[in-house]
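Novice: I'd like to go over a predicted model; first the sequence, then the structure.
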Amino acid sequence: MHRIRQSFFWNGLTTDTKDFVEKCAVCRQTQRANPKEPLKLRDIPEYPFQLVSTDIFKFKGDDFLLIADPYSGFNDFRKLKSSTSSEVIYLLRQWCSVHGIPEILESDGGPQYSSQAFREFATNWKFKLRISSPHYPQSNGFAERKVQTVKGILKKCWHDGSDPYLAMLLLLFGVAKVLQELRDNQKRYADQVATPRPPLKTGDNVRMQTGHREWKPAKVVEMTESPRSVIVETPEGRKYRRNSKYLHTTKASIPSENSPTLECESNNAHVPVSNEYQEIAPSEQSPDQSSGIQTQYSGENADRQTKVSCYGRKIKPVEKYDPSKY
């Protein structure tokens with residue numbers, strides 16, 4: 001904006017420039033990643049095993065199933081014979097028969113939990129399945145943190161040959177009040193560098209981040225039960241589930257599947273500028289014009305342009321620093 005104000009002026013310059021940049025497809029395609037959003041806390045369960053978080057992790061080449069309770073801090077794990085949905089369902093059925101069926105089961109979007117067999121298991125056992133957004137493991141953060149704790153215990157027990165299940169008994173159980181205080185402190189520190197953004201709505205035109213400073217056009221077509229997680233559709237007709245961290249609203253129109261793609265050459269790329277704000281050459285500008293930017297030439301400096309604003313003030317060109325003059 002500073003460089004534009006040095007060379008041009010018209011009423012609404014700032015608004016028109018920002019609006020032009022927001023509608024520029026190339027600018028939106030290479031923009032920076034979204035800033036961090038304020039931490040969104042979930043409600044604390046009212047009783048143990050009302051909400052259960054689960055995840056699958058590897059240790060020494062073997063697969064393990066982690067099951068954790070956010071209310072009490074209790075966590076358990078079972079060794080998997082295979083990393084299939086049927087094996088995970090079998091162990092969860094055994095676990096639920098002892099501790100009870102939870103109201104909500106949290107997990108990541110792994111194939112074991114997103115399969116049709118696991119969805120039928122959730123329907124038959126009457127619990128709600130909550131899957132975290134792809135590429136956003138923070139949605140299942142409690143289970144991810146417990147995985148680190150259990151891995152640390154397994155590693156220590158593996159070195160000294162002790163029983164890992166006996167070591168699990170040494171973990172302290174949490175209390176709801178203490179858990180709420182810890183969460184409040186966590187949110188206060190996390191939000192210090194966060195930037196709130198308006199929630200996404202169905203029909204919003206967005207850009208979906210696919211890599212470092214790479215954004216692909218898409219459109220919000222469906223909302224999900226998880227916070228800040230939506231279903232988007234690309235111009236090719238493919239649907240993705242993404243967290244709002246990887247989505248950015250845009251005013252640029254979303255191209256259709258048959259629309260031509262935008263190609264930019266390395267040396268000749270340029271963005272077309274509306275004729276309303278193009279600079280007028282001296283030979284084409286009439287002397288009666290009193291607005292816009294005028295260009296004059298004089299004597300020795302005929303090869304050097306002197307720009308004059310619409311108010312008659314001369315705009316001096318920027319000179320480079322020359323140490324020999326001082």
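Specialist: Yes, it's here. Numbering: from 1, shown residues only.
Novice: quick check: buried residues in stretch 138-153?
Specialist: Neighbour counts using 16 or more other CB atoms under 10 Å place Ser139, Asn140, Phe142, Ala143, Glu144, Lys146, Val147, Val150, Lys151, Ile153 of stretch 138-153 among the buried residues. Just so you know, the C-beta spots here come from the backbone N, C-alpha and C atoms, and that holds for glycine as well.
Novice: contacts only, for the second one.
Specialist: By CB atoms under 8 Å, 6 or more residues apart in numbering, Asn140 lies in contact with Ser53, Asp55, Glu106, Ser107, Asp108, Ser132.
Novice: where does it land in three-state SS?
Specialist: helix (DSSP: H, G, I helix; E, B strand; the rest coil).
Novice: chain neighbours aside, what residue packs nearest to it?
Specialist: In space, Asn140 comes closest to Ser132 once its chain neighbours are excluded; the distance is 4.2 Å by CB to CB, 6 or more residues apart in numbering.
Novice: now for that neighbour: which residues touch it?
Specialist: Glu106, Ser107, Asp108, Gly109, Gln138, Ser139, Asn140, Ser226, Ser229.
Novice: tell me the one of those nearest Tyr47?
Specialist: Glu106 (16.3 Å; CB to CB).
Novice: where does that closest one fall, phi/psi-wise?
Specialist: For Glu106, the backbone dihedrals (degrees, to the nearest 10) come out as phi -100, psi 140.
Novice: quickly list what it is bridged to.
Specialist: Beta-bridge pairing for Glu106 (DSSP bridges): Ser53, Arg130.
Novice: ok, it to Phe74 distance?
Specialist: Using CB to CB, to the nearest Å, Glu106 is found at 15 Å from Phe74.
Novice: same drill for the two, tell me which one is more crowded.
Specialist: Neighbour tally, Glu106 and Phe74, criterion other CB atoms under 10 Å: the higher count belongs to Glu106, 25 against 18.
Novice: wait, the more buried one sits on Leu51?
Specialist: Yes. Contact criterion CB atoms under 8 Å: Glu106 and Leu51 qualify, at 6.8 Å.
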